[in-house]
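Asks: this is the structure alone, sequence omitted:
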């Protein structure tokens, strides 16, 4: 595996390789089995796989979160080598956010609800850096996890709108044995928080079941929240940021549970913000 | 010359051609000698030249202007054929602004002043469509006229920020014998308006001369406007929208005439809005 430390090195490597199908897996490092699932899929579907590791300052709505973000590059690179990845692209911040950077990319509408409401600027930061990575790496396919469902839809829309000619491949959420969706943030949970966090997905499942059993009866926001709260039974230090039923493409809120619909939630477990979602297909 | 009527046709043509250096000249049609100068430069500098003709609805801040925009495709294609252009890309509106389009591209700061202040949404519309054209045509170089100086700087910044790997080539403003900068809008001028419009560039030259002769004495907005007005002597039906001295890269207003600086103006001559500018280099 080659480690490419700048845009220039990446460009040189790409021009040496010539035109071969390539998959890109954009990450912020601190790799876990969720990332590895994306990487393995890319390795199966492409002749070459590039994994980018870049902790994007612009997608953190809180500066403190950016500083606290766990970084362990040697471990990440070891994992990537073991998987048989072709290239790790590890640019510096000045390389990705050059002096005088001014371009803002906003996927209107899709960025407004769900996490967008609570993390101002987050998705504009994601969109801009993903766009840049796609332009630099020029992959045929790029892989995104469904835990970050809103991110996936935003990137997919942007790629279509701007004609980037990349296939955006959504991949199922990987979960631990207790059902908790894998996330770099999980490492911040205390054992007690961890066991409460593991309740999020079962609570979503119960809510989905309840909603389906009362089809078309209307499931407005307040009622949805109260069902979810009753199922989750959050701790005193926890807080449900949102739980919403939305159309899986437009992400607009839906009030009847006519499938398909996406049930998505963000929950603060102690000081850690976790998200998860569930697709209601039938 | 091949006429490509959709993104699909363009993609097919590009894949048949393989990798050759290509120049792109984006236009909204109604071609004049200003466009032809860009096209000739592209023909000299590249093995193939693509000229796009697309009247971009999103860059019109007034719907009426969009409807009134002069279109004469047969004439435009004749001109392009005569120049020896390789391909004319003439997409339809649905092709360029597909159902559900949501992506907004904003080059912050650079879009705020000058024309941006008076044409809300204009430069976001320009940026999005230029980005799309660059992604579709994947040229090595793209050519822009300096009459639309702010547009050139915005596109240049976007291309650098997003790593599009295209060289943005600025080309000098072409002028008629009377000094009037060439523009598709000039055709709307009555003979009387035309002779008043021809005074814009000489007025800018006089102002530049005056400013230079009083170096470092401070040239604030109000004073600049009054000098320009005195030089231009606009008609009763005319209106100076702005005249500004800005830094040629950041486009931020400068109050001393330390070169380099850009002197730019927008003037309504009757019902026609005209822009022009002048670089003060020394």
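Replies: On my side now, so go ahead. As the structure is a prediction and not an experimental result, all values here were calculated from the model.

Asks: okay, now the residue nearest to residue A:198 when sequence neighbours are not counted: neighbour count?
Replies: Nearest residue to residue A:198, sequence neighbours excluded (C-beta to C-beta, 6 or more residues apart in numbering or on different chains): residue A:178, at 4.0 Å. Backbone N, C-alpha and C define where each C-beta goes, glycine included. Number of residues near residue A:178 (other C-beta atoms under 10 Å in any protein chain shown) recorded here: 12.

Asks: next, residue A:178: phi, psi?
Replies: phi -80, psi 0 (degrees, to the nearest 10).

Asks: wait, doesn't it sit right on residue A:196?
Replies: No - look at residue A:178 against residue A:196 with C-beta atoms under 8 Å: they stay out of range, at 11.0 Å.

Asks: interface residues of the stretch 1-150 of chain A facing chain B?
Replies: Residues of the stretch 1-150 of chain A lying near chain B by C-beta under 8 Å from any C-beta of the partner chain: A:7, A:11, A:98, A:100-110, A:127-128, A:131-132, A:135-136.

Asks: cross these against strands and list the overlap.
Replies: The members of the residues of the stretch 1-150 of chain A next to chain B that map onto strands under DSSP state E are A:103-107.

Asks: out of these, who has the most neighbours?
Replies: Neighbour tally across those (other C-beta under 10 Å): the maximum, 29 neighbours, falls on residue A:105.

Asks: okay, and the beta partners of that residue?
Replies: Under DSSP bridges, the beta-bridge partners of residue A:105 are residue B:105.

Asks: OK, contacts around it?
Replies: With C-beta atoms under 8 Å, 6 or more residues apart in numbering or on different chains as the criterion, the residues that contact residue A:105 are A:124, A:127-128, A:131, A:158, B:103-106.

Asks: how about stretch A:91-98: buried residues?
Replies: Residues of stretch A:91-98 classed as buried: A:91, A:95-97 (neighbour count, 16 or more other C-beta atoms under 10 Å in any protein chain shown).

Asks: what is the least confident helix or strand in chain A?
Replies: Lowest by mean pLDDT, DSSP states H and E among the helices and strands of chain A is helix A:63-68, with a mean of 85.

Asks: what's the pLDDT at the residue nearest to residue A:198?
Replies: As predicted, residue A:178 sits at a pLDDT of 93.

Asks: and what of residue A:218?
Replies: pLDDT for residue A:218: 55.

Asks: and the gap between residue A:147 and chain B?
Replies: Applying C-beta to the nearest C-beta, to the nearest Å, the value for residue A:147 to chain B is 22 Å.

Asks: ok, that residue to residue B:35 distance?
Replies: According to C-beta to C-beta, to the nearest Å, residue A:147 and residue B:35 sit 49 Å apart.

Asks: ditto for residue A:199
Replies: 64 Å.

Asks: between those two, which is the more surrounded one?
Replies: When residue A:199 and residue B:35 are compared on other C-beta under 10 Å, the one with more neighbours turns out to be residue B:35, at 26 against 20.

Asks: just to revisit the earlier point, dump the buried residues of stretch A:91-98 to TSV, plus pLDDT.
Replies: Shown next, in TSV, are these (pLDDT from 0 to 100):
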residue	pLDDT
A:91	97
A:95	91
A:96	93
A:97	90
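
Asks: give me the subset of those residues lying in helices.
Replies: Within the buried residues of stretch A:91-98, residues falling in helices by DSSP state H are A:95-96.

Asks: break chain A down into its domains, please.
Replies: Domain ranges of chain A: A:2-171, A:184-280, per automatic domain parsing.

Asks: so which of those domains is the most packed in?
Replies: Mean neighbour count (mean count of other C-beta atoms under 10 Å in any protein chain shown) peaks for domain A:2-171 among those, with a mean of 19.

Asks: I'd like to know which elements the least confident helix or strand of chain A is packed against.
Replies: Packed against helix A:63-68, as judged by 3 or more C-beta pairs under 8 Å, 6 or more residues apart in numbering or on different chains; DSSP states H and E, are no other helices or strands.

Asks: what is the mean pLDDT for the helix or strand just after it?
Replies: Counting by DSSP states H and E, the element after helix A:63-68 in chain order, helix or strand, is helix A:73-83. Across helix A:73-83, the average pLDDT comes to 98.

Asks: what's the first helix or strand after the helix or strand that residue A:194 is a member of?
Replies: Assigned by DSSP H and E, residue A:194 belongs to helix A:191-197. Using DSSP H and E, the helix or strand that follows helix A:191-197 towards the C-terminus is helix A:200-213.

Asks: mean confidence (pLDDT) on that following helix, please.
Replies: On average, the pLDDT along helix A:200-213 is 91.

Asks: residues in contact with the helix or strand just after it?
Replies: Going down the chain from helix A:200-213, the next helix or strand is helix A:221-232, by DSSP H and E. With contacts defined as C-beta under 8 Å, 6+ apart, helix A:221-232 is touched by A:199-200, A:202-204, A:206-207, A:210-211, A:240, A:243-245, A:253, A:265, A:267.

Asks: stretch A:267-276 too?
Replies: For stretch A:267-276, the external contacting residues (C-beta under 8 Å, 6+ apart) are A:115, A:147-148, A:173, A:181, A:183, A:185-186, A:188-190, A:193, A:196-197, A:200-201, A:204, A:232, A:234-235, A:237-241, A:264-266.

Asks: among the residues you listed, which ones are in strands?
Replies: A:239-241, A:264-266.

Asks: tell me the one among the residues you listed nearest to chain B.
Replies: Within these, distances to chain B taken as C-beta to the nearest C-beta reach their minimum at residue A:264, with 18.9 Å.
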